[in-house]
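1. Make a model of this:
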Amino acid sequence: MNFKDFLMKEYKIGEKSAEDYVGRLNGMEAKGIYRGEKTVSYSMKAAIEREYPKSKHHYLLTMDRYMRYKQKRAED
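-> Prediction:
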């Protein structure tokens, strides 16, 4: 199961909303904010708040849900 499918199933969100999460994650990867860490570090949180001040909540929520997705995949 990919991240988008996980979001739709686990959080009961629509496809467009799930695609928004994936887009935010891809953007953070492209900017070097997220580089495969297993947890959200203080420096990552600070970088998100600095880069996305008006929508930091959405980006932090994206990282939280992505970490849960990775954890669930490791358990399966």
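
2. hey, let's count contacts and neighbours off CA atoms from now on
-> Fine.

3. mind checking the SS state of Val22?
-> Classification of Val22 by DSSP: H, G, I helix; E, B strand; the rest coil places it in helix.

4. That one is in contact with Lys4, isn't it?
-> Yes - if you go by C-alpha atoms under 8 Å, Val22 and Lys4 touch, sitting 6.6 Å apart.

5. More neighbours: which of those two?
-> Each of Val22 and Lys4 has its neighbours counted (other C-alpha atoms under 10 Å); Lys4 has more, 20 against 17.

6. next one: phi and psi at that one?
-> Dihedral pair for Lys4: phi -60, psi -50, per degrees, to the nearest 10.

7. Tell me the spacing between it and Tyr42.
-> 26 Å (C-alpha to C-alpha, to the nearest Å).

8. again, but for Pro53
-> 16 Å.

9. same question, Gly14
-> From Gly14 to Tyr42 the distance is 30 Å (C-alpha to C-alpha).

10. of those two, who's got more company?
-> More neighbours surround Gly14 than the other of Gly14 and Tyr42, with 13 against 9 (other C-alpha under 10 Å).

11. Could you give the number of residues near the residue nearest to that one when sequence neighbours are not counted?
-> Among residues not flanking Gly14 along the chain, Met8 sits closest, at 6.1 Å (C-alpha to C-alpha, 6 or more residues apart in numbering). Residues contacting Met8 under the criterion other C-alpha under 10 Å number 16.

12. do the same with Thr62
-> Neighbour count for Thr62, taken as other C-alpha under 10 Å: 21.

13. Regarding it, what is its secondary structure?
-> Criterion first, three-state DSSP; result for Thr62: helix.
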